[in-house]
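Undergrad: From the sequence below, what's the structure:
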Amino acid sequence: MRKIVVLFDLDGTLVKAGGSGRKALNRAVVQLHAFEEVCSTFSLEGRMDRQNFRLALTSAIGRAPTRREVRAVEDAYLKLLPNEVRKAVKAGRYLEIPGVSKLLRALAKRKNVLLGLGTGNIREGAHIKLKPSGFLRYFTFGGYGRDGRSRAHMLRLAVGRAETLAGRRVSPADVRVIGDTARDVFAGRRSGYKTGIVIDGYGDVDAIRRAKPDLLEPDFRDTRRWLDWILR
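TA: Numbering: from 1, shown residues only. The predicted model follows:
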């Protein structure tokens, strides 16, 4: 049976975690380097976590950080993130992207579909952010923010993990990358994968349109349209 791999981005694609990641990173840098609001000095949109940690540190200390310094920020971030997510949930700032729950349920019923994450979040951070949604049960593998040199490489590693689960090679034409930024489009296209984008996320809409994804939708409420695109 032909296997289709579907890789979902997290922030702005599955959920909006109320800025919990940004808040946790800001607080981590304050704790370690007494630099306030570091995330206002650069754009986090569509980047890998490790890139965000390095950019945050460069702004805070005025030079390229060492690996030990990056790891220290990562450790502090992971300690702070659960509380930031809890606060977002309590304040009503934690939101699912409209229609995504229904789409995930429909895809999970398909024996020929392998659902995975393709996110710039490091694995532990991704699980913390997704826990309140209950969506983790749908994802048996993924690519994360510690994987590879770039977002494109991370997606290829995720597909490799899907192939291990399936016990067979998956054609690039049977991989769907679903995200909310132009970076998702570019990363997927670089490996020959089809890309679907929701504009109810964090990406710049004009940049997304210029990137020309294979499917562009406001959100996931048109389940039939998404299923037709994914499965065809």
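
Undergrad: quick one: buried residues of whichever strand or helix holds residue 95?
TA: For residue 95, the host element (DSSP states H and E) is strand 94-96. Buried residues in strand 94-96, counted by 16 or more other C-beta atoms under 10 Å: 94, 96. In short, each C-beta sits where N, CA and C put it, glycine included.

Undergrad: Other residues contacting the next helix or strand after it?
TA: Counting by DSSP H and E, the next helix or strand C-terminal to strand 94-96 is helix 100-108. With C-beta atoms under 8 Å, 6 or more residues apart in numbering as the test, helix 100-108 has contacts from 6, 13-15, 113, 115, 133, 135, 138, 219-220, 223, 226-227, 230.

Undergrad: check contacts around the closest residue to residue 28 other than its chain neighbours.
TA: Spatial nearest neighbour of residue 28, excluding adjacent residues (C-beta to C-beta, 6 or more residues apart in numbering): residue 76 at 3.7 Å. The contact partners of residue 76, by C-beta under 8 Å, 6+ apart, come to 27, 28, 31, 32.

Undergrad: circling back: can you list which of the contacts of helix 100-108 are found in strands?
TA: If you go by DSSP state E, those have 6, 15, 113, 115 in strands.

Undergrad: Export those residues to a markdown table and append columns for neighbour count.
TA: Compiled in a markdown table, the ones in strands among the contacts of helix 100-108 are given as follows (neighbours: other C-beta atoms under 10 Å):
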| residue | neighbour count |
| --- | --- |
| 6 | 26 |
| 15 | 22 |
| 113 | 18 |
| 115 | 20 |
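
Undergrad: Show me the protein divided up by domain.
TA: 4-17+94-231, 20-90 (automatic domain parsing).

Undergrad: just those domains: most buried one?
TA: Among the domains of the chain, ranked by average contacts under mean count of other C-beta atoms under 10 Å, first place goes to domain 4-17+94-231 (a mean of 19).

Undergrad: And that one, end to end?
TA: The straight-line separation of the ends of domain 4-17+94-231 (C-alpha to C-alpha, to the nearest Å) is 7 Å.

Undergrad: Show me how far it is from its chain's centre.
TA: The chain centroid and the centroid of domain 4-17+94-231 are separated by 7 Å, computed with C-alpha atoms, centre = their mean, to the nearest Å.

Undergrad: Give me the mean pLDDT for it.
TA: For domain 4-17+94-231, the mean pLDDT works out to 96.

Undergrad: now the end-to-end length of stretch 52-69.
TA: Chord length of stretch 52-69, first to last residue, is 13 Å (C-alpha to C-alpha).

Undergrad: What is the distance between that stretch and the centre of its chain?
TA: How far stretch 52-69 lies from its chain's middle: 22 Å, per C-alpha atoms, centre = their mean.

Undergrad: residues making contact with that stretch?
TA: Applying C-beta under 8 Å, 6+ apart, the contact partners of stretch 52-69 are 25, 29, 32-33, 35, 38-39, 41-42, 44, 47, 70, 73-74, 77, 120.
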